[in-house]
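S.K.: Could you work out the structure for the sequence below:
(one chain, ligands or ions: 2)
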Amino acid sequence: MKLLFLGSPGVGKGTYAQVMTKALNIPHISTGDLLRNETQKDTKLSKEIEETMNQGGLVSDKILLQLIKTRIKEEDCENGFILDGFPRTKNQAEELGKLTGITHVLNFKANDEVIIERLSGRIICKNCKTIFHKTGNKPKIENTCDKCGSELHQREDDKPESVKKRLKIYKEKTEPLITHYNDKGLLVEITINKPISEIREKVILEIKSYLEGKTDKIGEIK
Ligand code: ADP
Ligand code: ZN
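M.R.: Ligands and ions are numbered 1, 2, ... in the order given. Okay, here's the model as predicted:
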């Protein structure tokens, strides 16, 4: 099962990918996380990547393709994967098509107010990158990661100026991919406006039953 998660920044796709990676037992490949790992290195390139990301811009296709190519060849991807954050442009989608086939594209949607709220309240673990939310998906202990105990923080690119730029780029460059995959008959829409803490089990159930071919659409999960 080779899944692709699409949706606006802040829609929650990283969170749903975290949930589904466990439920389906296939790896979660987040290009945002892969890139944030690159920025930990001390090279000129990693400084450039960091700067682009902090401003909310797109990192070059060449870098992304190299990262993805290497990652999907690893052994844990044998039975499939969840791609989160890639492709983000038409060119990336075409290049991905040359590397591997995709079996399902899940397009996540939420109301605009929900998206803004999710972005401004998101906090992530400095160490293992697990995503939490200040109100909707709180850690058990304030500002501390449930998984590894490290400190949580707001991402540099979740600050208002960068968020604006990310949303604009999403509309211009990434949104057209919805039509691209819909035309291929791979797309399903999933709307979620409720916090994950209230509907985690439902999300798993509905997505699984779709992937197993028991239903042919999902719609809003309430
Ligand atoms: P979000 O989906 O919430 O915007 P991500 O963690 O997926 O956050 O991505 C963070 C940043 O990483 C993006 O704003 C961009 O700078 C960079 N990035 C991630 N994936 C890609 C990609 N496929 N192409 C170009 N840049 C990317
Ligand atoms: Zn952690």
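
S.K.: rest of the way, CA atoms for contacts and neighbours
M.R.: Will do.

S.K.: how near is residue 199 to residue 137?
M.R.: For residue 199, the distance to residue 137 equals 11 Å [CA to CA, to the nearest Å].

S.K.: So between the two, which is more surrounded?
M.R.: residue 137 (18 against 14; other CA atoms under 10 Å).

S.K.: That one belongs to a helix?
M.R.: No: assessed with DSSP: H, G, I helix; E, B strand; the rest coil, residue 137 is coil; it does not lie in a helix.

S.K.: Hmm, residue 123 and residue 159 touching each other?
M.R.: No: if you go by CA atoms under 8 Å, residue 159 and residue 123 don't touch, sitting 11.4 Å apart.

S.K.: out of these two, which sits in the more crowded spot?
M.R.: residue 123 (25 against 15).

S.K.: in the lengthiest helix in the chain, what's buried?
M.R.: Counting by DSSP state H, the longest helix found in the chain is helix 196-211. Applying a neighbour-count criterion of 16 or more other CA atoms under 10 Å, one finds 196, 203-204, 206-208, 211 buried in helix 196-211.

S.K.: and those residues as TSV, adding pLDDT?
M.R.: Output for the buried residues of helix 196-211, formatted as TSV (pLDDT from 0 to 100):
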residue	pLDDT
196	90
203	98
204	98
206	98
207	98
208	98
211	98
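
S.K.: Wondering if stretch 71-83 reaches ligand 1 at all.
M.R.: No: using CA under 6 Å from any ligand atom, stretch 71-83 stays clear of ligand 1, with a minimum separation of 9.7 Å.

S.K.: Please state the offset of that stretch from the chain centre?
M.R.: Relative to its parent chain, stretch 71-83 has a centroid offset of 16 Å by CA atoms, centre = their mean, to the nearest Å.

S.K.: Give me the residues contacting it.
M.R.: With CA atoms under 8 Å, 6 or more residues apart in numbering as the test, stretch 71-83 has contacts from 1-5, 17, 21, 26-31.
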